[in-house]
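Q: coords please:
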Amino acid sequence: MEGDGLECNHYAHPIDILPIVDLNTKSVVRIDGLDRLPAPKIPTDSVNYHRNLLHTNSYLETQWRPRMKDLSIVQKDGPTFKVSDNNLVEWQG
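A: Model (predicted):
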């Protein structure tokens, strides 16, 4: 099943543009990078992001990077923020 591309996202191509989105109105405000000359090109090669197919990529990484060491951040006196039921974060409140 992995080799036939069923698990691949055929629309997942890196492209050199940046959509600016208003998350409150859920709308695209603008797309930066479309006015560049020459215009960014959409790659035609498929990219396999599935762990077992990563080695088959022709122009991106062919293996996962090594696992990073754990990062532990501790506030010894407890947090200085609180999160309400509606996901509102209040700092030092």
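Q: Let me know the distance separating the residue sitting furthest away from the middle of the chain from residue 89.
A: The centre of the chain is farthest from one residue, residue 77, which by CA atoms, centre = their mean lies 33.6 Å away. When distance is defined by CB to CB, to the nearest Å, residue 77 is 18 Å away from residue 89. For the C-beta atoms, the positions are set from N, CA and C on the backbone; glycine is no exception.
Q: now residue 36
A: Shown here: residue 36 relative to residue 89, a distance of 37 Å by CB to CB.
Q: same deal with residue 27?
A: For residue 27 relative to residue 89 (CB to CB), the value is 24 Å.
Q: Then residue 52?
A: 39 Å.
Q: Then residue 37?
A: Per CB to CB, residue 37 is found 42 Å from residue 89.
Q: of these two, who's got more company?
A: A count of neighbours by other CB atoms under 10 Å puts residue 89 above the other of residue 37 and residue 89, at 9 against 4.
Q: Please enumerate the strands of the protein.
A: For the chain, applying DSSP state E gives strands covering 18-22, 27-32, 81-83, 89-91.
Q: which one of the ones you listed lies closest to residue 58?
A: Closest approach to residue 58 among the strands of the chain (CB to CB): strand 18-22, 25.4 Å.
Q: Without its sequence neighbours, what residue ends up closest to residue 33?
A: residue 17 (3.9 Å; CB to CB, 6 or more residues apart in numbering).
Q: Please list all residues in contact with that neighbour.
A: By CB atoms under 8 Å, 6 or more residues apart in numbering, residue 17 lies in contact with 31-34, 40.
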